[in-house]
Structure formats: C-alpha cells, structure tokens
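Peer 1: missing the sequence, but the structure's below:
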Ligand code: SF4
Ligand code: SF4
C-alpha cells in the first residue's frame with residue numbers, strides 16, 4: 001500500500017502552524033515543550049495522496065515522499081523538534097516566526113504595538129493642534 005511520509009526541515013519551520021490548521025485529517029500535533037515545540041505526524045492519519053500542508057507551507061519546510069509499505073503500523077508517529085529562538089528585543093525564548101525580519105516574543109510584540117499606537121495618536125494630536 002502506498003503511504004505518505006512527511007519530512008520536515010526543522011531549520012526552515014517558523015512554527016506558523018498553517019499546516020496544523022489546514023490538515024484535513026488532523027494528522028499533526030504541536031506539543032509545547034520547555035525550550036521548543038515538538039511536531040508530531042501521526043502517519044496512519046496522513047492520507048495518501050494528500051499534500052496540502054506541503055503546498056501551503058510558507059517556508060517550504062515540508063516535503064512529502066510517497067512510499068510503498070508492506071506492513072501497517074497503526075500507531076506510528078514521526079516527531080520533529082523546533083527549538084525556540086531568542087527574542088531580538090529582550091533576549092527571552094520566542095517562537096522563530098520573524099515579524100518584519102525580527103524575532104520578537106509576544107510580550108515585546110505587545111509593547112511594540114502599544115508604543116506604535118501611542119506614537120500615531122500623539123502625531124495625530126500634534127497635527128490637529130498645528131491647524
Ligand atoms: S506550515 Fe511550514 S513553517 Fe508553518 S508550522 Fe507548518 S511546517 Fe512550520
Ligand atoms: S499530507 Fe495531508 S494529511 Fe498528511 S499531514 Fe499534510 S495535510 Fe495532513
């Protein structure tokens with residue numbers, strides 16, 4: 001029987017989770033660990049000839065090989081580990097998804113967004129005053 005074999009390039013994966021949300025067979029799990037995320041592919045749920053995750057992965061981190069299997073392993077899982085990177089602003093651990101080329105942790109992202117918002121409000125007030 002032909003089956004999919006999902007191969008993940010861990011150096012390319014940014015943990016965007018597009019593959020997790022798009023998989024029609026629920027064949028992927030993302031498990032949060034202390035210093036990264038473990039991506040589990042439940043191979044028995046990964047249906048041949050699907051390759052939606054490969055087509056939609058924005059960083060081309062997924063490759064699907066089609067293999068001929070003579071035995072069936074119902075609980076077989078392939079596991080990949082994506083290590084957290086360091087936040088470019090505070091140095092704490094963050095998911096390696098760059099925003100405008102920088103890796104930023106959720107805390108710094110919130111602060112940066114609030115700072116930008118306050119700056120734009122202040123600029124608007126100044127413009128109104130000068131009229
Ligand atoms: S879609 Fe690609 S980059 Fe995003 S989490 Fe899946 S493998 Fe990683
Ligand atoms: S190949 Fe299809 S079934 Fe398998 S993990 Fe990707 S989206 Fe899910």
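Peer 2: Perfect, thanks for sending it. Just so you know, these numbers come straight off a predicted model, no measurement behind them. Ligands and ions are numbered 1, 2, ... in the order given.
Peer 1: Please, which helix or strand holds the residue at minimal distance from the centre of the chain?
Peer 2: For the chain, residue 15 is the residue whose C-alpha lies nearest the centre (CA atoms, centre = their mean; 1.7 Å). Using DSSP states H and E, residue 15 sits in no helix or strand.
Peer 1: That one and residue 76, how far apart?
Peer 2: Distance from residue 15 to residue 76, counting by CB to CB, to the nearest Å: 23 Å. In this view, the C-beta of every residue, glycine as well, is placed from N, C-alpha and C.
Peer 1: do the same with residue 19
Peer 2: Following CB to CB, the distance that separates residue 19 from residue 76 is 18 Å.
Peer 1: ditto for residue 1
Peer 2: 13 Å.
Peer 1: Between those two, tell me which one has more neighbours.
Peer 2: A count of neighbours by other CB atoms under 10 Å puts residue 76 above the other of residue 1 and residue 76, at 14 against 9.
Peer 1: Identify the residues contacting that one.
Peer 2: Neighbouring residues of residue 76 by CB atoms under 8 Å, 6 or more residues apart in numbering: 42-44.
Peer 1: Relative to residue 32, which of the residues you listed is nearest.
Peer 2: Nearest to residue 32 among the contacts of residue 76 is residue 42, at 17.5 Å by CB to CB.
Peer 1: Quick one, grab the pLDDT at the residue lying closest to that closest one once chain neighbours are set aside.
Peer 2: Closest residue in space to residue 42, ignoring its immediate chain neighbours: residue 27 at 5.1 Å, by CB to CB, 6 or more residues apart in numbering. What the model reports for residue 27 is a pLDDT of 96.
Peer 1: Having no further points to raise, I will conclude here.
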